[in-house]
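**Q** generate a structure from the sequence data that follows.
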Amino acid sequence: MDLSDTMAIPDVQGFADTRQLAINKVGIKSIRHPIKVKDKNGGMQHTIAVFNMYVGLPHNFKGTHMSRFVELLNSHEREISVENFEPTLRKMVKRLEAETGHIEMTFPYFINKKAPVSGVQSLIDYEVTFVGEIHEGDKYTFTMKVVVPVTSLCPCSKKISERGAHNQRSHVTVTATTNDLVWIEDLVQLVEGQASCELYGLLKRPDEKYVTERAYDNPKFVEDMVRDVAALLNAEKRIDAYVVESENFESIHNHSAYALIERNKLEI
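**A** Take a look at the predicted model:
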């Protein structure tokens with residue numbers, strides 16, 4: 001097939017549609033691609049993100065060009081960085097001839113932590129999602145979501161038990177719409193400081209004694225967790241809106257305990 005034959009192939013996606021129904025999001029999901037993420041200490045993490053990429057489709061177009069999403073990812077030399085996240089989104093919207101666009105990438109992020117007594121160091125991973133959106137009128141918003149595993153100890157169990165109290169691992173998820181740079185480490189530390197105790201990748205015996213007693217001295221209901229985290233998010237001027245969730249994977253039940261607080265600080 002020569003070039004003239006290729007140019008003659010019909011572009012069905014570009015055909016007109018008569019159903020008068022616009023599509024809010026159309027695109028590709030769950031495509032993996034390398035990314036680079038700067039950490040707060042000035043280092044660079046190379047990791048793999050799972051991307052979802054969408055644009056809005058006007059009612060008069062039959063379809064979008066799915067291959068252009070993949071071309072966009074591969075137009076970078078090897079990796080997408082946080083610095084070119086917004087430019088990539090804007091390029092996608094222009095390339096797909098759309099007015100609105102949405103890119104989200106979810107990736108593991110590692111933080112090196114020192115055990116509280118021995119000081120032994122180890123890495124612990126957090127699930128992070130960056131979401132960028134171009135809204136009508138070319139307005140850009142950025143949202144960061146971080147899942148922070150922590151320890152929670154039940155205040156009721158401590159109060160009524162003669163010995164010990166049940167505790168469990170919990171996931172606290174913060175989804176924050178920001179107006180300025182907020183490091184991943186900032187959100188992680190904010191959450192961990194409100195838990196019964198934070199988690200560590202590696203503990204020696206003195207460390208295990210410390211974290212056990214720390215949790216016992218700092219019991220938290222799931223309701224306490226979301227309220228304490230939300231209070232700090234309310235005071236953070238770099239955050240315009242947030243959702244904070246806490247799920248306790250109960251150690252004495254076959255269900256989880258759950259709580260959520262949501263606030264848009266821009267709404268009066």
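**Q** show me where the stretch 151-268 of the chain has helices.
**A** Using DSSP state H, counting those that start in this stretch, the helices of the stretch 151-268 of the chain run over residues 155-160, 184-192, 205-216, 222-235.
**Q** show me the one of those helices that comes nearest I261.
**A** Taking Cβ to Cβ, helix 222-235 is the member of the helices of the stretch 151-268 of the chain nearest to I261, at 4.4 Å. Any C-beta I mention is one placed from the backbone N, CA and C, and that applies to glycine too.
**Q** and that closest one, how far out from the chain's middle?
**A** Here the centre of helix 222-235 is set off from its chain's centre by 18 Å, with Cα atoms, centre = their mean, to the nearest Å.
**Q** what is the distance between stretch 44-55 and the centre of its chain?
**A** In terms of Cα atoms, centre = their mean, the gap separating the centre of stretch 44-55 from the centre of its chain is 11 Å.
**Q** list the buried residues of that stretch.
**A** Residues of stretch 44-55 classed as buried: T47, A49, F51, N52, M53, Y54, V55 (neighbour count, 16 or more other Cβ atoms under 10 Å).
**Q** so T47 is in which element?
**A** strand 44-57 (DSSP states H and E).
**Q** deepest-packed of the helices of the stretch 151-268 of the chain, please.
**A** Ranked by mean neighbour count, the helices of the stretch 151-268 of the chain are led by helix 184-192 with a mean of 20 (mean count of other Cβ atoms under 10 Å).
**Q** which helices and strands does that helix pack with?
**A** With contacts taken as 3 or more Cβ pairs under 8 Å, 6 or more residues apart in numbering; DSSP states H and E, helix 184-192 sits against strand 101-114, strand 121-134, strand 140-153, strand 167-178, helix 222-235.
**Q** I'd like those as TSV, with distance to L187 appended.
**A** Output for the helices and strands packed on helix 184-192, formatted as TSV (distance: least, Cβ to Cβ, whole Å):
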stretch	distance to L187
strand 101-114	11
strand 121-134	9
strand 140-153	5
strand 167-178	5
helix 222-235	9
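**Q** save these as a markdown table, and put in mean pLDDT too.
**A** Below are these laid out as a markdown table (pLDDT from 0 to 100):
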| stretch | mean pLDDT |
| --- | --- |
| strand 101-114 | 95 |
| strand 121-134 | 96 |
| strand 140-153 | 96 |
| strand 167-178 | 95 |
| helix 222-235 | 96 |
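**Q** returning to that earlier point: just the closest of the buried residues of stretch 44-55 to T178, please.
**A** When these are ranked by distance to T178 (Cβ to Cβ), A49 comes first, at 18.5 Å.
**Q** isn't that closest one right next to M105, touching?
**A** Yes - under the criterion of Cβ atoms under 8 Å, A49 makes contact with M105 at 3.8 Å.
**Q** who touches both of those two?
**A** By Cβ atoms under 8 Å, 6 or more residues apart in numbering, A49 and M105 have these common neighbours: H33, I35, I80.
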